[in-house]
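A.B. asks: generate coordinates for the sequence data below:
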Amino acid sequence: MNVANLSRDLGYIEYEARESGLLTEEEIIIIGVCVGAACLIILVIVIAVVVQLKRKSTEKDRENRRLLALLFQLESSVRDQCKQGLYSSQSVSSAPLCLFQSHFF
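C.D. replies: The predicted structure is shown next:
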């Protein structure tokens, strides 16, 4: 080794041979960071999917409630029209009403 005017012999440099299959600390840290990042990304995706499914479920529930209210209103309207038609036919003649009542009630 030469530094300025000094010259020294340090000897031979020996490299350690790595055994196959062993990882260094840096490689273990890099692998750990990559696995952690992948887990975090998967967790974020799962949370986003769950939130989206919950939102769709809430929308469907709201639509079902609206349709049930509309169906109930329609049934009430039909029921009222049937009663009105029945009362008007009763005022005209009571015989058909008696037959109707004996067959259906």
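
A.B. asks: what is the helix or strand harbouring I42 packed up against?
C.D. replies: In the assignment (DSSP states H and E), I42 maps to helix 25-92. For helix 25-92, the elements it packs on are helix 95-104, judged by 3 or more CB pairs under 8 Å, 6 or more residues apart in numbering; DSSP states H and E. Glycine gets a C-beta too; all of them are placed from N, C-alpha and C.

A.B. asks: could you give me the average pLDDT of the helix it packs on?
C.D. replies: Here the mean pLDDT over helix 95-104 is 52, rounded to a whole number.

A.B. asks: ok, stretch 27-42 next?
C.D. replies: Per-residue scores along stretch 27-42 average to 96.

A.B. asks: go on, stretch 53-71?
C.D. replies: 94.

A.B. asks: doesn't G11 belong to a strand?
C.D. replies: No: secondary structure of G11 (DSSP: H, G, I helix; E, B strand; the rest coil): coil, not part of a strand.

A.B. asks: where does it land on pLDDT?
C.D. replies: On the pLDDT scale, G11 gets 78.

A.B. asks: same thing with V3?
C.D. replies: Reported pLDDT for V3: 77.

A.B. asks: measure it to L10 for me?
C.D. replies: Distance, V3 to L10, using CB to CB, to the nearest Å: 11 Å.

A.B. asks: what do you get for L22?
C.D. replies: 28 Å.

A.B. asks: for E27, same thing?
C.D. replies: Taken as CB to CB, the span from E27 to L10 is 29 Å.

A.B. asks: neighbour count: those two, which is higher?
C.D. replies: Each of E27 and L10 has its neighbours counted (other CB atoms under 10 Å); E27 has more, 10 against 6.

A.B. asks: what residues are up against that one?
C.D. replies: If you count contacts by CB atoms under 8 Å, 6 or more residues apart in numbering, E27 has none.

A.B. asks: number of residues surrounding K56?
C.D. replies: 10.
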